[in-house]
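**Student:** take a look and give me a structure for this.
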Amino acid sequence: MALRTNRARLRLVEPGSAADRKDGAPPKEDAPLPPTPTPTPSAVTPPPIGRATAPSGSSEAADTPIPGLDGAADRVGDAQASATRGVRASNATRAQLNALQDAQLVALGCKGEVQALEILYRRHAAFAIHLAARIEGSARDVEDIAHDAFLRAFERIHDLTDRTAFRSWLGAIVVHAVRSRMRRARLMSVLGMGKASEPVDLDAIASPDASPHTRAQIAQVYALLRTLPTDDRIAWTLRAVEGHDLETVARLTRCSLATVKRRISRAQRFLDEHFVDPAGKEGPDRQEVPS
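**Tutor:** A predicted model of the protein is given here:
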């Protein structure tokens with residue numbers, strides 16, 4: 001449709017023009033000009049987009065909309081306000097989620113709340129990476145292992161019956177992933193198809209404050225652990241390095257308490273027989289395993 005402009009409203013009328021002379025008389029000469037008023041802030045404010053302002057003194061409404069543009073400013077303003085409210089609501093929601101316990105986040109994750117799962121990941125990613133590095137003795141591929149563990153955990157989030165135990169449940173998934181990787185690497189090595197084992201990454205497993213003597217001990221212990229069966233190595237590491245109690249080790253390794261005790265005992269005997277401490281100590285600190 002063609003845009004029809006109201007000529008009467010948009011036409012400029014000069015003082016003393018023929019339009020103002022109803023009797024057709026000639027214009028008055030040297031007619032004084034009216035004083036120029038000082039504009040006020042409201043007077044210089046431009047009209048809203050999409051609105052046509054009628055000349056002063058017009059009997060028509062000043063806000064008559066122009067066809068095709070009516071409401072454009074309102075829609076732009078509404079969109080900006082909506083976006084601002086969305087950002088504020090998102091920030092408020094994230095702050096509220098950060099304050100929740102793991103069990104509450106797991107419950108929301110079961111309902112498909114992605115932000116809850118993201119917060120669980122950020123909250124426990126360092127734990128998962130650290131655990132994988134301590135068991136493996138190297139930082140190689142531990143981030144991939146941790147990421148895969150989180151994916152598996154989120155895919156099976158409905159299987160978690162005790163929602164307060166998300167961290168230990170995730171830890172068990174990490175341990176299982178590291179175990180599978182270690183067993184596969186061991187098999188490939190036996191078959192002559194694997195790469196030579198990498199040196200122990202002390203920066204990934206030792207404290208920055210550890211003395212050179214302590215770092216040498218750790219390197220030797222991990223070198224010996226690599227010759228042990230995978231299950232014995234993991235059980236001993238979780239008990240002696242990570243400091244978990246036997247019940248937690250059993251839960252992380254998904255085996256019975258008696259099996260955990262046997263594995264730790266075998267690993268400890270092997271270390272006692274082969275560990276050589278430069279300071280003259282016979283072996284690493286022995287972990288007492290209750291009978």
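
**Student:** quickly list the domain ranges of this structure.
**Tutor:** What automatic domain parsing lists as the domains of the chain is 88-197, 206-291.

**Student:** using JSON lines, lay out those together with mean pLDDT.
**Tutor:** Putting the domains of the chain into JSON lines (pLDDT from 0 to 100) gives the following:
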{"stretch": "domain 88-197", "mean pLDDT": "87"}
{"stretch": "domain 206-291", "mean pLDDT": "85"}
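
**Student:** how about a markdown table for those domains, with mean neighbour count added?
**Tutor:** Every residue, glycine included, has its C-beta placed from N, CA and C. A markdown table is the format used below for those (neighbours: other Cβ atoms under 10 Å):
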| stretch | mean neighbour count |
| --- | --- |
| domain 88-197 | 16 |
| domain 206-291 | 16 |
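
**Student:** what about the strands in the stretch 51-200 of the chain?
**Tutor:** Applying DSSP state E, counting those that start in this stretch to the stretch 51-200 of the chain gives strands spanning 51-52, 64-65.

**Student:** worst mean pLDDT among those strands?
**Tutor:** If you rank the strands of the stretch 51-200 of the chain by mean pLDDT, strand 51-52 sits at the bottom with a mean of 42.

**Student:** next helix or strand past the helix or strand where I218 lies?
**Tutor:** I218 belongs to helix 212-225 when elements are defined using DSSP states H and E. Next helix or strand after helix 212-225 toward the C-terminus (DSSP H and E): helix 230-236.

**Student:** list the helices and strands the helix holding I218 packs on?
**Tutor:** If contacts are counted by 3 or more Cβ pairs under 8 Å, 6 or more residues apart in numbering; DSSP states H and E, helix 212-225 sits against helix 202-205, helix 257-274.

**Student:** contacting residues around it?
**Tutor:** By Cβ atoms under 8 Å, 6 or more residues apart in numbering, the list of residues contacting helix 212-225 from outside reads 137, 199-200, 202, 205-206, 210, 233, 236-237, 267, 270-271, 274-279, 284.

**Student:** what's the angle between it and helix 257-274?
**Tutor:** Between helix 212-225 and helix 257-274, the angle formed by their directions is 120 degrees, by axes from the mean of the first three to the mean of the last three Cα atoms, to 10 degrees.

**Student:** for the chain, which segments count as helices?
**Tutor:** With helices called from DSSP state H, the chain shows them at 7-10, 41-44, 72-98, 102-110, 114-136, 142-155, 166-190, 202-205, 212-225, 230-236, 246-253, 257-274.

**Student:** got the angle for the fourth one vs helix 114-136?
**Tutor:** Meaning helix 102-110. Counting by the same axes, to 10 degrees, helix 102-110 lies at 120 degrees to helix 114-136.

**Student:** what's the angle from helix 102-110 to helix 166-190?
**Tutor:** Calculated by the same axes, to 10 degrees, helix 102-110 forms an angle of 70 degrees with helix 166-190.

**Student:** and I145, what does it touch?
**Tutor:** 128, 132, 136, 174, 177-178, 181.

**Student:** repeat that with 7 Å
**Tutor:** I145 is in contact with 132, 174, 177-178, 181, counting by Cβ atoms under 7 Å, 6 or more residues apart in numbering.
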